[in-house]
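Visitor: structure for this input, please:
(chains A and B)
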Number of protein chains: 2
Amino acid sequence: MNILFSFLPKEEQQANLRNDFPKAVFNFQKGLDKEALKTADIFVTYGEDLHATDIETAEELKWIMVASAGMEKMPLKEIANRQIVVTNVRGIHKTPMAESILAHILSIKKSLPMVAENQRKGEWSKRVPSSELLGSKALILGPGAIGGEVGRILQAFGVQTIGCNRSGQAAPYMDEMTSFENLTKALPFADFVISILPSTELTKGLLTYEHFQSMKPTTLFMNFGRGDVVKEDVLLRAIREECIAFVVLDVFEKEPLYEGHPFWEMSNVIVSPHISSHSSQYVVRALEIFSRNLTEWMRGSNHLENLIDMERGY
Amino acid sequence: MNILFSFLPKEEQQANLRNDFPKAVFNFQKGLDKEALKTADIFVTYGEDLHATDIETAEELKWIMVASAGMEKMPLKEIANRQIVVTNVRGIHKTPMAESILAHILSIKKSLPMVAENQRKGEWSKRVPSSELLGSKALILGPGAIGGEVGRILQAFGVQTIGCNRSGQAAPYMDEMTSFENLTKALPFADFVISILPSTELTKGLLTYEHFQSMKPTTLFMNFGRGDVVKEDVLLRAIREECIAFVVLDVFEKEPLYEGHPFWEMSNVIVSPHISSHSSQYVVRALEIFSRNLTEWMRGSNHLENLIDMERGY
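Guide: Here you go, the predicted structure:
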């Protein structure tokens, strides 16, 4: 069984895999080795290097393990046609992302940037606005693994959570639920609106100007899912017209965010360069999931963790 | 029954009190009215305006309600000698303080100041150090109402909590306990050392240079209790010798922190000007506690919330 990587785990991690799976032939490469892919049974990738033409020639390929959460750069149609199994590391991001989201919420509510600015000026000033999370409401667009973790921690702070997904079906750690269709009715109650939605045909451009008009003028809007859930000119207009008070963006329509983009200079916008999922534990956890799945796979089982539904795209 | 305030609640809050307690005579003043204190049965204060001589002439005084947590500016000996009952608003600070403490921890772990600095420079840089709370350990000096709330939320983040008090007796939301005496043994395991200790004879200068030497070089030390738990020259030495990595101070030996103090300019010290307990809900909650206690008091009961043990001083 040939297993091709297009990234390099640490030497020790490579050795552990070879040791744990003596019957597999591991080929660790930095970047996609198109020749090796032709004979690979399993391909492990960050999900940004695979093209439709690669799938055609990868005649042995049966399973692609994507060591990230986003699937939008994958040639999904071609993969689905060939009935190749795809798994990802959904859930691996939940801890760093939930911690990052909470970090930004708390920092803004407690005015930490102003505290830092006063320190730079050597100014002892107690006139620092501070408000509480306790008793507020958060609307979470995409209450999956990451959204649920955000909800769980927000609930510990005494924040009421409203989940929003396609169907409005119940989700863990959400006090209430609503659907995409009924979103406008829920928005006027939310102090925080947090999107962790993936990019799919259903979510692209989901948030319109009217949605932002429904939000409270004190609302903090956060996008930690994918940039295309709202057009940037819509978001810019909503900020300039003060439909909302504050925005934290970890994702953008085009990344990196181009030089001179208005977001860079707006005092109520935080530009986080798509780093909220970063963690020193990332590869460790990805390989743990891969190892568990590989064990199942080699036993001929198809009970894999984080199996992607190729029709939904997540 | 004469009730004297030395601060002014909002008009509406004053009216509510008069309405709820028609048998009491309320006298709301901004600042201590020494004449009125002579005939007051109950005195409501932030606890910074009372002197020993005032107690002598306040012949009717039976109960002092301190609308803050710190008792150290009160003439405790004279109050105890006269057997005047003292209550405070312990617990009122737990929400804003726990939220503030978490805000600083998360902001530092996720390098939010660096993200802000990169944004100022218009620089899209993913090279931002980020580490997780999950799996780390926090040592909480003073696991009372506030410390317990910090512990409860840290546990929700998957942080293990070690409480430290005089006796080592169990406290809520602490996974383990240790005593002041055994502190040095627990310090090498703590990623966060958080003091919320009040200022008492036992806690003054409790933390010595040797304690800081026992901490990990990666430790984040936070003082949100009282400044005198560690001498500032000891703390400065510990920072300069890199015994610890980062310090957040909300309290200081002398407040305001004087101009030109080295803390202002240190890149790994955050100077928070004693604001972590601030909240828009402060007076509302203080008056709720006072009203509950006044109801008891007028019924002749002595089951008061937040009764101060005058011997311990908290």
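Visitor: what parts of the stretch 1-150 of chain A come near chain B?
Guide: Proximity of the stretch 1-150 of chain A to chain B, by C-beta under 8 Å from any C-beta of the partner chain, involves residues A:95-96, A:99-100, A:102-104, A:106-107, A:109-110, A:112-113, A:115-116, A:118-119, A:122, A:124-126, A:128, A:130-134. In this view, the C-beta of every residue, glycine as well, is placed from N, C-alpha and C.
Visitor: could you measure from A:M174 over to A:F28?
Guide: As for A:M174, its distance to A:F28 is 41 Å (criterion: C-beta to C-beta, to the nearest Å).
Visitor: do the same with A:Q14
Guide: As for A:Q14, its distance to A:F28 is 6 Å (criterion: C-beta to C-beta).
Visitor: so where's chain A shaky on pLDDT?
Guide: Residues of chain A meeting the criterion pLDDT under 70: none.
Visitor: in it, which residue is most central in space?
Guide: Residue closest to the average C-alpha location in chain A (C-alpha atoms, centre = their mean): A:G225, at 4.6 Å.
Visitor: on the three-state scheme, it is what?
Guide: coil (DSSP: H, G, I helix; E, B strand; the rest coil).
Visitor: show me the contacts for it.
Guide: Under the criterion of C-beta atoms under 8 Å, 6 or more residues apart in numbering or on different chains, the contact partners of A:G225 comprise A:141-142, A:195-199, A:203, A:251.
Visitor: on that earlier part again, are any of the residues of the stretch 1-150 of chain A next to chain B buried, and which?
Guide: Neighbour counting with 16 or more other C-beta atoms under 10 Å in any protein chain shown marks A:95-96, A:99-100, A:102-104, A:106-107, A:109-110, A:112-113, A:115-116, A:118-119, A:124, A:128, A:130-133 as buried within the residues of the stretch 1-150 of chain A next to chain B.
Visitor: circling back: what separates the residue nearest to the centre of chain A from chain B, distance-wise?
Guide: With distances taken as C-beta to the nearest C-beta, to the nearest Å, A:G225 is found 18 Å from chain B.
Visitor: what sits closest to that residue if chain neighbours are left out?
Guide: A:L197 (4.1 Å; C-beta to C-beta, 6 or more residues apart in numbering or on different chains).
Visitor: which segments of chain A make up each domain?
Guide: Annotated domains of chain A cover A:2-90+A:280-298, A:94-271 [automatic domain parsing].
Visitor: so which of those domains is the most surrounded?
Guide: Burial of the domains of chain A is given as mean neighbour count (mean count of other C-beta atoms under 10 Å in any protein chain shown); domain A:94-271 ranks first at a mean of 19.
Visitor: so what's the residue of the stretch 201-314 of chain A found nearest chain B closest to, chain neighbours aside?
Guide: Relative to chain B, the nearest point of the stretch 201-314 of chain A is A:P256 (3.8 Å; C-beta to the nearest C-beta). Among residues not flanking A:P256 along the chain, B:W124 sits closest, at 3.8 Å (C-beta to C-beta, 6+ apart).
Visitor: the one you found: what's it in contact with?
Guide: B:W124 makes contacts with A:255-257, A:271, A:273, B:118, as judged by C-beta under 8 Å, 6+ apart.
Visitor: what does A:N306 give?
Guide: A:87-91, A:289, A:293.
Visitor: also A:Q169?
Guide: By C-beta under 8 Å, 6+ apart, A:Q169 lies in contact with A:M177.
Visitor: and what of A:F192?
Guide: By C-beta under 8 Å, 6+ apart, the residues touching A:F192 are A:105, A:136-139, A:159, A:219-222.
Visitor: farthest-separated two in these?
Guide: Of all pairs drawn from these, the greatest distance, 15.6 Å, lies between A:V159 and A:F221 (C-beta to C-beta).
Visitor: quick one: name whatever helix or strand follows the helix or strand where A:S107 lies.
Guide: Here A:S107, judged by DSSP states H and E, is contained in helix A:94-109. Using DSSP H and E, the next helix or strand after helix A:94-109 towards the C-terminus is helix A:112-120.
Visitor: what sits up against that following helix?
Guide: By C-beta under 8 Å, 6+ apart, helix A:112-120 touches A:106-107, A:124-125, A:128-129, B:103-104, B:107, B:112-113, B:116, B:264, B:270-273, B:275.
Visitor: and what of stretch A:230-247?
Guide: With C-beta under 8 Å, 6+ apart as the test, stretch A:230-247 has contacts from A:108, A:193, A:195, A:205-209, A:212-213, A:215-223, A:252-253, A:262-263, A:266, A:268-270.
Visitor: what about that stretch, how long is it end to end?
Guide: This stretch, stretch A:230-247, spans 13 Å end to end (C-alpha to C-alpha, to the nearest Å).
Visitor: with stretch A:83-90 instead?
Guide: Using C-alpha to C-alpha, the end-to-end distance of stretch A:83-90 comes to 20 Å.
Visitor: quick one on the thing from earlier: who touches both of A:Q14 and A:F28?
Guide: Residues touching both A:Q14 and A:F28 (C-beta under 8 Å, 6+ apart): A:L8.
Visitor: what about stretch A:175-188, how long is it end to end?
Guide: End to end - C-alpha to C-alpha - stretch A:175-188 spans 17 Å.
Visitor: check whether that stretch contacts chain B.
Guide: No: if you take C-beta under 8 Å from any C-beta as the test, stretch A:175-188 misses chain B, and the best it gets is 15.8 Å.
Visitor: quick one: that stretch to chain centroid distance?
Guide: Relative to the chain's own centre, stretch A:175-188 is displaced by 21 Å; criterion: C-alpha atoms, centre = their mean, to the nearest Å.
Visitor: and for it, what's in contact with it?
Guide: Stretch A:175-188 has contacts (C-beta under 8 Å, 6+ apart) with A:139, A:141, A:143, A:155, A:160-171, A:193, A:202, A:206, A:210-211, A:214-216.
Visitor: would you confirm that A:P143 contacts A:A170?
Guide: No: taking C-beta atoms under 8 Å as the definition, A:P143 is not a contact partner of A:A170, at 9.2 Å.
Visitor: which residues in chain A form helices?
Guide: Using DSSP state H, the helices of chain A run over residues A:11-20, A:34-37, A:52-57, A:76-81, A:94-109, A:112-120, A:145-156, A:183-186, A:209-214, A:232-240, A:282-298.
Visitor: tabulate the CA atom coordinates of the last one in CSV.
Guide: C-alpha atoms of helix A:282-298 as CSV (Å, rounded to 0.1, in the frame of the first residue of the first chain):
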residue,chain,number,x,y,z
TYR,A,282,-1.7,20.9,14.7
VAL,A,283,0.3,18.2,12.9
VAL,A,284,0.3,16.0,16.0
ARG,A,285,-3.5,15.9,16.1
ALA,A,286,-3.8,15.6,12.3
LEU,A,287,-1.6,12.5,12.4
GLU,A,288,-3.5,11.0,15.3
ILE,A,289,-6.7,11.2,13.2
PHE,A,290,-4.9,9.8,10.2
SER,A,291,-3.4,6.9,12.2
ARG,A,292,-6.8,6.0,13.7
ASN,A,293,-8.3,6.0,10.2
LEU,A,294,-5.4,4.1,8.6
THR,A,295,-5.8,1.4,11.2
GLU,A,296,-9.5,1.0,10.2
TRP,A,297,-8.6,1.2,6.5
MET,A,298,-6.0,-1.6,6.7
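Visitor: alright, calling it a day.
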